[in-house]
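Asker: When you get a sec, could you give me coordinates for this:
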Amino acid sequence: MAGTKNAVEQIKALIARRLVELDDERQRLVGVLDSLSGKQKAPTPGRRGRPSKSAALPARAPGRGKGRRKVTRANQALRLIAKKPGSNVSDVAAALKINRAYVYRILGSLEKTGKVKKKGRDYYPVD
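Answerer: Residues are numbered from 1 along each chain as shown. Here you go, the predicted model:
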């Protein structure tokens, strides 16, 4: 008899969780339907009514963001080209262990800012 009661309690808990999920989905779908029909709805709190993590965090002082990383991929690529002038995209990608498409983007940005010069397929530092 105790095993049956335990199974019934598990099923009840499972049904209760599923009802919460279905209610959340219903609320999302009603919001989508309202937005498609042009009705504006007030924003709802985070998932299942919990406040979002950002709401719980203290506000940062103005003008004080996370800041930029000092060691960026662009800086790494620039240092590598300074050490080995005439490096091509494949050389840089292999040395930094990153995808060549990403290196093309990095070197393109460095070239636009005037930090490297491209000659053919090779890149050289600008003095």
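Asker: from memory residue 102 sits against residue 72, does it?
Answerer: No: between residue 102 and residue 72 there is no contact under C-beta atoms under 8 Å: 12.0 Å. The way it works is simple: take the backbone N, C-alpha and C, and place the C-beta from them, glycine included.
Asker: Looking at the two, which one has more neighbours?
Answerer: residue 102 (15 against 11; other C-beta atoms under 10 Å).
Asker: hey, which helix or strand in the chain has the poorest pLDDT?
Answerer: In the chain, the helix or strand scored least confidently by mean pLDDT, DSSP states H and E is helix 53-56, which has a mean of 57.
Asker: Could you identify the helix or strand that succeeds that one?
Answerer: As assigned by DSSP states H and E, the chain's next helix or strand after helix 53-56 is helix 73-83.
Asker: Outline the domain layout of the protein.
Answerer: With domains defined by automatic domain parsing, the chain comprises 2-42, 73-125.
Asker: Let me see the mean pLDDT of the last one.
Answerer: If I follow you right, that is domain 73-125. On average, the pLDDT along domain 73-125 is 95.
Asker: Please compute how far that domain lies from its chain's middle.
Answerer: The chain centroid and the centroid of domain 73-125 are separated by 24 Å under C-alpha atoms, centre = their mean, to the nearest Å.
Asker: Can you get me the start-to-end distance on it?
Answerer: In terms of C-alpha to C-alpha, to the nearest Å, the two terminal residues of domain 73-125 are separated by 16 Å.
Asker: Give me the pLDDT value at residue 2.
Answerer: 71.
Asker: For it, give me its contacts.
Answerer: The contact partners of residue 2, by C-beta atoms under 8 Å, 6 or more residues apart in numbering, come to none.
Asker: got it, and residue 13?
Answerer: By C-beta under 8 Å, 6+ apart, residue 13 has no neighbours at all.
Asker: Residue 91 and residue 114, how far apart?
Answerer: 21 Å (C-beta to C-beta, to the nearest Å).
Asker: Those two: who's more crowded?
Answerer: Set residue 91 next to residue 114 and count neighbours by other C-beta under 10 Å: residue 91 wins out with 17 against 8.
Asker: host element of that one?
Answerer: Residue 91 is part of helix 89-96, with elements assigned from DSSP H and E.
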